[in-house]
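Participant: Model the structure of this input:
(7 chains)
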Amino acid sequence: MQSNDQQAYDRGVTVFSPDGRLYQVEYAREAVERGSPAVGVATDHAVVFAAHVSPRSPLMEPDSIEKVHDLNGRLGVATAGHVADARRLVDFGRQFAQRERLRYGEAPGVEPLSKAVADRIQEFTQTGGTRPFGAALLVGGVPEAIPAVEGGADPDPRLYEIDPSGTPTEWRATAVGRGSDAVRDHLEAEYSTGLDTGAGVSLALTALAESTGESPTAEEIDVAVLDGDGFDALDRDRRATALADAGLDAAS
Amino acid sequence: MQSNDQQAYDRGVTVFSPDGRLYQVEYAREAVERGSPAVGVATDHAVVFAAHVSPRSPLMEPDSIEKVHDLNGRLGVATAGHVADARRLVDFGRQFAQRERLRYGEAPGVEPLSKAVADRIQEFTQTGGTRPFGAALLVGGVPEAIPAVEGGADPDPRLYEIDPSGTPTEWRATAVGRGSDAVRDHLEAEYSTGLDTGAGVSLALTALAESTGESPTAEEIDVAVLDGDGFDALDRDRRATALADAGLDAAS
Amino acid sequence: MQSNDQQAYDRGVTVFSPDGRLYQVEYAREAVERGSPAVGVATDHAVVFAAHVSPRSPLMEPDSIEKVHDLNGRLGVATAGHVADARRLVDFGRQFAQRERLRYGEAPGVEPLSKAVADRIQEFTQTGGTRPFGAALLVGGVPEAIPAVEGGADPDPRLYEIDPSGTPTEWRATAVGRGSDAVRDHLEAEYSTGLDTGAGVSLALTALAESTGESPTAEEIDVAVLDGDGFDALDRDRRATALADAGLDAAS
Amino acid sequence: MQSNDQQAYDRGVTVFSPDGRLYQVEYAREAVERGSPAVGVATDHAVVFAAHVSPRSPLMEPDSIEKVHDLNGRLGVATAGHVADARRLVDFGRQFAQRERLRYGEAPGVEPLSKAVADRIQEFTQTGGTRPFGAALLVGGVPEAIPAVEGGADPDPRLYEIDPSGTPTEWRATAVGRGSDAVRDHLEAEYSTGLDTGAGVSLALTALAESTGESPTAEEIDVAVLDGDGFDALDRDRRATALADAGLDAAS
Amino acid sequence: MQSNDQQAYDRGVTVFSPDGRLYQVEYAREAVERGSPAVGVATDHAVVFAAHVSPRSPLMEPDSIEKVHDLNGRLGVATAGHVADARRLVDFGRQFAQRERLRYGEAPGVEPLSKAVADRIQEFTQTGGTRPFGAALLVGGVPEAIPAVEGGADPDPRLYEIDPSGTPTEWRATAVGRGSDAVRDHLEAEYSTGLDTGAGVSLALTALAESTGESPTAEEIDVAVLDGDGFDALDRDRRATALADAGLDAAS
Amino acid sequence: MQSNDQQAYDRGVTVFSPDGRLYQVEYAREAVERGSPAVGVATDHAVVFAAHVSPRSPLMEPDSIEKVHDLNGRLGVATAGHVADARRLVDFGRQFAQRERLRYGEAPGVEPLSKAVADRIQEFTQTGGTRPFGAALLVGGVPEAIPAVEGGADPDPRLYEIDPSGTPTEWRATAVGRGSDAVRDHLEAEYSTGLDTGAGVSLALTALAESTGESPTAEEIDVAVLDGDGFDALDRDRRATALADAGLDAAS
Amino acid sequence: MQSNDQQAYDRGVTVFSPDGRLYQVEYAREAVERGSPAVGVATDHAVVFAAHVSPRSPLMEPDSIEKVHDLNGRLGVATAGHVADARRLVDFGRQFAQRERLRYGEAPGVEPLSKAVADRIQEFTQTGGTRPFGAALLVGGVPEAIPAVEGGADPDPRLYEIDPSGTPTEWRATAVGRGSDAVRDHLEAEYSTGLDTGAGVSLALTALAESTGESPTAEEIDVAVLDGDGFDALDRDRRATALADAGLDAAS
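Facilitator: Numbers count the residues shown, from 1 in each chain, chains lettered A, B, ... in the order given. Sure thing, here's the model as predicted:
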């Protein structure tokens, strides 16, 4: 399926092919495509994360399949791909946020954090002797509301995607992982500015359903809303309600 | 049996295959599957560990075939796979627990400890020049009962599995090692919430028997109960009694 | 397409071929040629940067596809090639500028900064165990106007290109990335000394249009003007106006 | 004799084969099997070591073929396999014992020492750039008798085996090196609890004779008894007497 | 074209071939031969440098194609070969000169500087994991005139060549880069002692013209004169005059 | 001559073959077998060293072909194999002896010194990135006579051999290098306890003659006697006398 | 020309071949054999060095082709082989001499210096990741005359050769480089003790002429005499006279 020429360049992580490609980074993207999908939607006042979780057994604690992570109460991350790799990046992000807070008195915003994580990912694509991280991240942030400025503009929810090459890009809504192209098509068709949080959750869930072509159950998903009040992971009941609100209950 | 394409990617630990797989991690999983099985069951008040030990000779001290380990009196670990690798991870866990206690005045709970061990395992799958650990761990913990809060909720027994990729997942009951699929099927069929400790031990033992299809003797197993009073390894007599209680005595 | 002899030398980054070539550096140049183009034009009082951005989706924040970067208010960088690699080099440049300012009380000029970045790039072509950076940079600088010297000569806008071998060269106008040969032909034909800033913007945009053979939309480009007053990134409206001024509006 | 598949995985020390095996560790076990055998027997009050030594020449000082080593007067080690490797491990053990004594005021027991040596062996099977140690060890220890507690239980002689994977296991009696399976069969058949030291020496010697199928001479063996009074290496005359006591004199 | 035997030895920089050759160093010499030529001529009172520069475009600042470099006002360097490599060596020379000045109160002469640069080049041909530098250097120096010693001998202009093996040699006049054999033939035929500086410039320019067989334009060359008054780079007008003086104007 | 299987394992110094062998160490033994032989004989009061030296030319200073070395006046070393490697080990031994003397007030005996050298040799057979030492050593020592204890037992001359695996063994008499098997056969046949020093020298010389089958000349040998009075290298005349005393003069 | 078996072992510097050879060291000897020859002769009161230099051009300063080096006024070195490698070793020798002088108040003699250089060379044949030095050295020394001891024995001129394996040997007269076998034959035939310095120079020059079979010119040789008064490099006129004295003028 692959040519001899390709084989010659895809085994060493730090080597360009004659046409200027980095095959190991492209294979890491494949690792992400093999992982269960995650969706992020930036609404007017919040960033909504929704992700597929596929518990191997009813005896597994579904909460332990970490797909959506609370970084520091103000920043959230959803991941796709190699689970252990994603955890390392989430940990790196947590430590970065904590270190910045200690150093500067306040936690970093979504942009500096995304860039710090992206830098770390890039390093692993260039420094010899390691493989790239086999994970992609959606990073969301909503700055704390400033009560004193009652009539002022609301803080701006922002959403970044970081891919296995270490490139951060900002989105209004996007997806990573298995079927992400279909999910993104859905998001492009349905997204509009001015979404309230509830509509954002519904959009995230219907988009996620596109990745498999069928409605997930409340057990099969992880959903969190990040707004001016912080990070809020939905429990099973609220997830069931959200699925129903999105028209994704049993009947679908 | 394996294709040429696969061969090209499975020799270097830190390299992705074109379809995004890490073959060395998958082979380390095979190493775990070759090891004798271990079962963990979280009951209402305890975590029960049971593991197969297969002494090479009657002259071997059976206690020296370490399969279930007392980490610090409050945390227990059962292992499957490459024995020397598992010991290193158990040692790492012990040192981590001790260091945390020195630093923060109290030992870490089961979740931070499981994540620290998982992180260490992940590092060995990405940093060049090493192989992954060929071992999987079951980590259990029961927080110390707080006597002052007499009527309060009991502490929550928790059980984590950590696989050779460095992914921690939480379970009510699970197994690692040879025949773990059959063991897990049995656990899924028989597990129910509200188990008392004795029923947990019986379930662990009957599940373990599924891995080989025959009842083990008291010499062939290692059993420990971790509850609010600490880590309690069963001696030979109590193991024999437990086997009988589980209906696994000579007659079976 | 390539001979066996070539294959023998192009896989190791630090090895010369028998005819004295460094193939990995040449492949990194290919990576640059695969990236969307960027143009730089030095006018009498400013350096103009224009770059193609190709958002993957309307949901992507176009501003997050960083192609033209403000280094420190006095220096600007446009990039082509591997995005994550380019970001690392831009970060390196920012840190270098900041460090120099702390050390010497003033930020470095465009020449020392370009040389520092070029040195870093060269190191990665010679030190074992790494690949070259797959990115090319245009670095522009305009020294701060000195108000006291009212009638004195204006500060001199300068523009450097740095290629993947780590060679810095100074230009009046040039381009990097996909179709850069065609862009440079256009610049050579149309550039003249004495350009005012507006004409410089128009020249940059018409040159950029040469790379694809069609007029870009205001969403598809990133434009910035660096003059004695600092770095000024044009917003969407001003970009649309600039395109129209350059005769590149819908009709073209 | 070996398949192509095996060849592909047995050259790199730190790499798993597809079925989860570490071939270099298995080959190190072969190195042990090529070495002259050593036997350890734990009796009621002592650990007995006996080992084959095969002087290349009558001019060689037989004592310099170190097979049974006094670690610190309280711990003994017998080795099989690559002699230079074994010496390094014995040295490591001596240094560990000394360091612990300096740090804690008393020398380590047989279990912590065995585990420290085992950990070191395991490291060499996982860290890149080295081969495993080609040696196996028998480690014995008898805690110092506590005179004050006249009627108290005697100290407990303990015996560990450490294999080239770095796995420590405790035994009542076992063997390493050439013909160790036959030796162990003999030990299993003849060992009984309640052995006095003399019977232990006889058992060790008859077991050792099983490895070659003929009686050794006093020159061909190394024998030591470790009991509450310390480490006692038998000289040539006492070895001859012990062989006679075991029924292994010329007539056999 | 090359034999299999050669191929076996030319890929590793630090390995001798059976006939005692270092192929990577020889290939680095090829890289130098591919670069535009540079000429150095030591006259009675000066060292003259002349080099071909080939601007890719009229928009490129010709001064930025650095071929002749002022090290510290008293030492000059002309380079041929891989441009980025040459820049690193020039930087190394500058830092060495500065460091020596700080340490000893005066800048190093041409000989110690040439040897320091040569040592650095040699290191890269022997230390593992790197390629040689693909550049050759001409280093010239004229000690500062000592006014007090009016009638004393003038300071002695000296010229060194350093090749990619790291060997420094001293010359009256020589060349490196493309066509250097033809240039050197010309120099040998035309050089005489007692040259004044103007004649030296003419000789350097006519020699340089030999490398391509045609007269260069003032835009295509870089010329500098280093004498007791310091380093003096000729501007475009003076270069045109020099070409005319050398009989290399349009008519030729 | 060698099978494919062997080839697969003998190129990497740190890898076991499937049958548990370390080929590089065995090849280093070959390097020793290629070197001129050296003999050591422990007599009642001395250690005698004799070695073949084969000057390439009558112009070579025979004394500079170091084969028998005085370590510190109390310890002597004879070597065979790769000369430069042997010198490093002798230097290591000298430094070790000096360091120990500084640390403990007295120089080490022959046993600790031999073990220190052996450890260093072993390290080079296991640590990656190096080859083993291609040399074998004979180390002899005679403790200083204690005058006060007039009637006491004389100090005990001791002789160690250290092979390229790093294994030290003690001998009464032995040989290393070319033809060492024949030399050792001779020693075994002729050695007896109670040898005086002169008889020891004769035995060493006749044994050495066995390695080539002909009598050496005084120029072709290096002879030293180490006794309670220190290290004594025989000059040419005394060597000629010793050869005559051993019946190895011209007539033989 | 070479067998497959040889090829398998000659590419890695630190690996023994099955017959105990180090091919890279042997190839480095080839590099020396490719270099122009150097001769050293120890006379009664001096060491004479003579070496071929082959200036590439009459414009090359012949003195810059360093073949005979003054280490510190009391020690001299002549080299053959890879020029840049030889310079590094000469530099190492200079630094060693200087360091020793600072440390001990006097410069080292020829023997310790030769051994220090030899050790450095040996290191590069055993430590991974480097190639051997492709150079051989002749090191000569004459201790300072002690005026006070008028009638005492004159200081002893000594001459060492150090080969690419790092082995130092002492000679009365020897040669390294191209044709060294023929040169050494000549030296053996013509050398006699009691040579005065002039005769030593003549012998060195006639020996050198043997390497090419024709008389060299004064421009083609480098000659130095090291005696009790220090290092004395002969200028062109004295070299011409010396050639004439040796009967090697034009007529030959």
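
Participant: Okay, strands next: where are they in the stretch 51-200 of chain A?
Facilitator: Using DSSP state E, counting those that start in this stretch, the strands found in the stretch 51-200 of chain A span residues A:68-70, A:75-81, A:135-141, A:158-162, A:168-171, A:173-176.

Participant: who wins for proximity to chain F among those strands?
Facilitator: Of all these, strand A:135-141 sits nearest to chain F, with 31.4 Å by Cβ to the nearest Cβ. Where C-beta positions appear, they are placed from N, C-alpha and C, glycine not excepted.

Participant: Sheet partners, orientation included, of that closest one?
Facilitator: Partners of strand A:135-141 in the sheet, by DSSP bridges, are strand A:75-81 (antiparallel), strand A:158-162 (antiparallel).

Participant: quick one: it to chain centroid distance?
Facilitator: Put simply, strand A:135-141 sits 4 Å off its chain's centre (Cα atoms, centre = their mean, to the nearest Å).

Participant: now the strands of the stretch 51-200 of chain A in JSON lines, with mean pLDDT, distance to residue C:216 and mean neighbour count?
Facilitator: Output for the strands of the stretch 51-200 of chain A, formatted as JSON lines (pLDDT from 0 to 100; distance: least, Cβ to Cβ, whole Å; neighbours: other Cβ atoms under 10 Å in any protein chain shown):
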{"stretch": "strand A:68-70", "mean pLDDT": "95", "distance to residue C:216": "37", "mean neighbour count": "22"}
{"stretch": "strand A:75-81", "mean pLDDT": "96", "distance to residue C:216": "32", "mean neighbour count": "29"}
{"stretch": "strand A:135-141", "mean pLDDT": "97", "distance to residue C:216": "28", "mean neighbour count": "29"}
{"stretch": "strand A:158-162", "mean pLDDT": "97", "distance to residue C:216": "24", "mean neighbour count": "27"}
{"stretch": "strand A:168-171", "mean pLDDT": "94", "distance to residue C:216": "19", "mean neighbour count": "24"}
{"stretch": "strand A:173-176", "mean pLDDT": "97", "distance to residue C:216": "23", "mean neighbour count": "29"}
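
Participant: Quick check, residue A:139 in contact with residue A:75.
Facilitator: Yes - when contacts are counted by Cβ atoms under 8 Å, residue A:139 is listed as touching residue A:75 (6.7 Å).

Participant: any residues in contact with both of the two?
Facilitator: Common contact partners of residue A:139 and residue A:75 (Cβ atoms under 8 Å, 6 or more residues apart in numbering or on different chains): A:93, A:110, A:113.

Participant: out of these, who's nearest chain C?
Facilitator: residue A:110 (10.9 Å).

Participant: residues near the closest one, how many?
Facilitator: Neighbour count of residue A:110, defined by other Cβ atoms under 10 Å in any protein chain shown: 26.

Participant: now residue A:188
Facilitator: Residue A:188 has 16 nearby residues by other Cβ under 10 Å.

Participant: Same check on residue A:194?
Facilitator: 7.

Participant: for the stretch 51-200 of chain A, which spans come out with low pLDDT?
Facilitator: Residue ranges of the stretch 51-200 of chain A with pLDDT under 70: A:128-130, A:144-155.

Participant: Any figure for the gap between residue A:241 and residue A:198?
Facilitator: Residue A:241 is 10 Å from residue A:198, where distance means Cβ to Cβ, to the nearest Å.

Participant: ok, now which ones touch residue A:109?
Facilitator: A:141, A:143, A:158.

Participant: can we see that at 10 Å?
Facilitator: The contact partners of residue A:109, by Cβ atoms under 10 Å, 6 or more residues apart in numbering or on different chains, come to A:74, A:75, A:97, A:100, A:141, A:142, A:143, A:156, A:158.

Participant: ditto for residue A:159
Facilitator: By Cβ under 10 Å, 6+ apart, the contact list for residue A:159 reads A:40-43, A:47-49, A:76, A:78, A:110, A:114, A:138-142, A:169-174, A:226, C:59, C:61, C:64.

Participant: hmm, try it at 6 Å
Facilitator: With contact taken as Cβ atoms under 6 Å, 6 or more residues apart in numbering or on different chains, residue A:159 is in contact with A:40, A:42, A:47, A:140, A:171.

Participant: I figured the third one hits residue A:226, correct?
Facilitator: Yes - under the contact definition of Cβ atoms under 6 Å, residue A:47 touches residue A:226, with a separation of 4.6 Å.

Participant: State the number of residues packed around residue A:40.
Facilitator: Per other Cβ under 10 Å, the neighbour tally for residue A:40 reads 31.

Participant: Distance check, it against chain G.
Facilitator: Separation of residue A:40 from chain G (Cβ to the nearest Cβ, to the nearest Å): 47 Å.

Participant: again, but for residue A:86
Facilitator: 36 Å.

Participant: repeat for residue A:196
Facilitator: Counting by Cβ to the nearest Cβ - residue A:196 and chain G are separated by 63 Å.

Participant: Run a quick neighbour tally on that residue.
Facilitator: 12.

Participant: do the same with the one 5 residues further on
Facilitator: Summarising burial for residue A:201: neighbours were counted as other Cβ under 10 Å, giving 28.

Participant: Am I right that residue A:85 is in contact with residue A:135?
Facilitator: Yes - distance between residue A:85 and residue A:135: 4.4 Å, which falls inside the contact criterion (Cβ under 6 Å).

Participant: how about residue A:161, what does it touch?
Facilitator: Taking Cβ under 6 Å, 6+ apart, one finds A:138, A:169, A:171, A:174 in contact with residue A:161.

Participant: wouldn't residue A:60 be in contact with residue B:171 here?
Facilitator: Yes - at 5.2 Å, residue A:60 and residue B:171 qualify as touching, with contact defined as Cβ under 6 Å.

Participant: Name the nearest of the contacts of residue A:109 relative to chain B.
Facilitator: Each of the contacts of residue A:109 was scored against chain B by Cβ to the nearest Cβ, and residue A:97 proved nearest at 17.0 Å.

Participant: Name the nearest residue to the closest one, ignoring sequence neighbours.
Facilitator: residue A:72 (4.6 Å; Cβ to Cβ, 6 or more residues apart in numbering or on different chains).

Participant: ok, so what distance separates the one you found from chain G?
Facilitator: Residue A:72 is 44 Å from chain G, by Cβ to the nearest Cβ.

Participant: could you measure that residue against residue A:109, distance?
Facilitator: 11 Å.
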